[in-house]
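>>> Quick one: sequence plus predicted model below, questions after.
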Amino acid sequence: MSSDFSPDQKRYLEGFVSGMSASRVARTNAPGKSEPVGPDAIHIKAQDRTVAAGGKLNDQEKIKRDEHPFDAYPRLIKQSETNEAPKPADNFRWRYYGIFYVAPTQTSYMCRLRIPNGILKHWQFAGVADIAEKFGGPFAHVTTRANLQLREIEPKNAVNVIEAIQDIGLCSRGSGADNIRNVTGTSTAGIDPQELLDTRPHARAWHYHILNERALYGLPRKFNVAFDGGGKIATLEDTNDIAFHSIVLL
């Protein structure tokens, strides 16, 4: 260094240059942004593209990104143990398990099932009635998608209902929020002499594919799929996002 600098100035400049060099090396060796992986990667990438383009994520997308609902089940168990009502973020997450906290009109959960093609065994129907009587209203509602809903479920019974439903071979998973809703089919499937196709196995196959493919738990809410077997009673499948219609080709 030039002899024009004092010893203190030289030490300061040496430290400054050394710090700049260290910072440059750190930036060079810093790992790049990791690529999203796993079943949620497609949704995370879509969120990233939206933000990069100047857009903003809505509250629901932020909640899913912060903690995916299917990774938060232990907290739902703890809330049930203390009869705790969910905060708004968890109220959204728990809809992935089919339960909806319907405050302020009611301080309780509603539980929506998944019943592919709207068909269940007689003993399952009786089992749903038992669950409603033990943990709910006791009553059940029939939905417009050939489904059942239980109401007036106290927070302490949320997990009891979810697991009791699974004990009788049914489920409530993914019946709300950003998920594909109950798969419907011809209401007289298998017994209509005029049907071209029995929709039951097709609705069932879609049902289990949806349940077991986590990447599908991120579509727009109220995404609907329906099968029509071409029988005497129509399914009104054309009102769904994906519709399968049976026709005769001559």
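Okay, I see it.
>>> how about the strands of the protein, start to end?
Along the chain, the segments classed as strands by DSSP state E run 99-101, 109-112, 140-142, 148-153, 225-228, 242-245.
>>> can those go into TSV with extra columns for distance to residue 170, mean neighbour count and mean pLDDT?
The way it works is simple: take the backbone N, C-alpha and C, and place the C-beta from them, glycine included. Converted to TSV, the strands of the chain look like this (distance: least, Cβ to Cβ, whole Å; neighbours: other Cβ atoms under 10 Å; pLDDT from 0 to 100):
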stretch	distance to residue 170	mean neighbour count	mean pLDDT
strand 99-101	14	23	97
strand 109-112	11	25	97
strand 140-142	12	14	95
strand 148-153	9	22	97
strand 225-228	18	25	96
strand 242-245	23	15	93
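>>> Compare these and give me the one nearest residue 207.
In terms of Cβ to Cβ, the element of these nearest to residue 207 is strand 225-228, at 9.4 Å.
>>> What's the local residue count around residue 39?
Look at residue 39: counted by other Cβ atoms under 10 Å, it has 14 neighbours.
>>> hang on, I meant residue 97
Quick note: residue 97 (other Cβ under 10 Å) scores 25 neighbours.
>>> go on, residue 47?
18.
>>> Now tabulate the strands of the chain in CSV and tack on distance to residue 133.
Compiled in CSV, the strands of the chain are given as follows (distance: least, Cβ to Cβ, whole Å):
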stretch, distance to residue 133
strand 99-101, 18
strand 109-112, 14
strand 140-142, 10
strand 148-153, 10
strand 225-228, 31
strand 242-245, 36
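>>> can you tell me which of those comes nearest to residue 122?
For these, proximity to residue 122 was assessed by Cβ to Cβ; strand 148-153 is nearest, at 13.9 Å.
>>> Against which helices or strands is that closest one packed?
Judged by 3 or more Cβ pairs under 8 Å, 6 or more residues apart in numbering; DSSP states H and E, strand 148-153 is in contact with strand 109-112, helix 122-135, strand 140-142.
>>> Understood, closing this out.
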